[in-house]
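In: Model the structure of this input:
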Amino acid sequence: MEELFGHISLGLFILQTVLFVALIFLLKKFAWKPILDAVNEREEGIKNALQSAESAKKEMQNLKSDNEKLLADARAERDALMKEAREIKDKMINDAKAEAQAAGEKMIAQAKASIESEKNAAMADLKNQVSSLSLEIAEKVLRDELSNKESQTKLVEKMLGDAKLN
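Out: Residues are numbered from 1 along each chain as shown. Below is the predicted model of the structure:
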């Protein structure tokens, strides 16, 4: 029996070996390639997903830096506009001050001219009044002096004497 079992086990061993080799051959021929293809495909999909994630990460960083740059540009433009607005405001204030000062100086000059004109008119009027009064006084004095004959003669002689001296 031992021989039978020994023979059977050797035959069984060979049969199992042949079946195993056939199974490996069949697996290699029909299943191994699709399994390896599926594993390779899965590996490739994972690599692509990692690359896509890395690309997305880089793109997000680029977008973030672009956004920061746009924000910085916007801030710089806002600052420039604010500076320009301040300069325009200051210029408008200075122009208004200069205009007000020029208008004030013009008004002062007009007032001075008006005062000078009124002063000249008053002086002319005063001179006219003084000359009128002087003439009236002179006329009265002359009347008094000429009313008497002796005074008239003295005046005429004095005038003639003055005329000869000149």
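In: Show me the shaky parts of this protein.
Out: 1-8, 145-146, 164-166 (pLDDT under 70).
In: what ranges do the helices span in it?
Out: 2-26, 33-146, 149-165 (DSSP state H).
In: any chance of these in TSV, plus mean neighbour count?
Out: (Each C-beta comes from the backbone N, C-alpha and C, glycine too.) Output for these, formatted as TSV (neighbours: other CB atoms under 10 Å):
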stretch	mean neighbour count
helix 2-26	10
helix 33-146	10
helix 149-165	10
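In: Please save the CA atoms from stretch 83-97 in PDB.
Out: The C-alpha trace of stretch 83-97 is given here as PDB (Å, rounded to 0.1, in the frame of the first residue of the first chain):
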ATOM      1  CA  LYS A  83      -2.400 112.100  -3.400                       C
ATOM      2  CA  GLU A  84      -3.700 113.700  -6.600                       C
ATOM      3  CA  ALA A  85      -7.000 114.600  -4.900                       C
ATOM      4  CA  ARG A  86      -5.100 116.200  -2.000                       C
ATOM      5  CA  GLU A  87      -2.900 118.100  -4.400                       C
ATOM      6  CA  ILE A  88      -6.000 119.300  -6.300                       C
ATOM      7  CA  LYS A  89      -7.700 120.300  -3.000                       C
ATOM      8  CA  ASP A  90      -4.500 122.200  -1.800                       C
ATOM      9  CA  LYS A  91      -4.200 123.900  -5.200                       C
ATOM     10  CA  MET A  92      -7.900 124.900  -5.100                       C
ATOM     11  CA  ILE A  93      -7.500 126.300  -1.600                       C
ATOM     12  CA  ASN A  94      -4.300 128.200  -2.500                       C
ATOM     13  CA  ASP A  95      -5.900 129.500  -5.700                       C
ATOM     14  CA  ALA A  96      -9.000 130.600  -3.700                       C
ATOM     15  CA  LYS A  97      -6.700 132.300  -1.100                       C
END
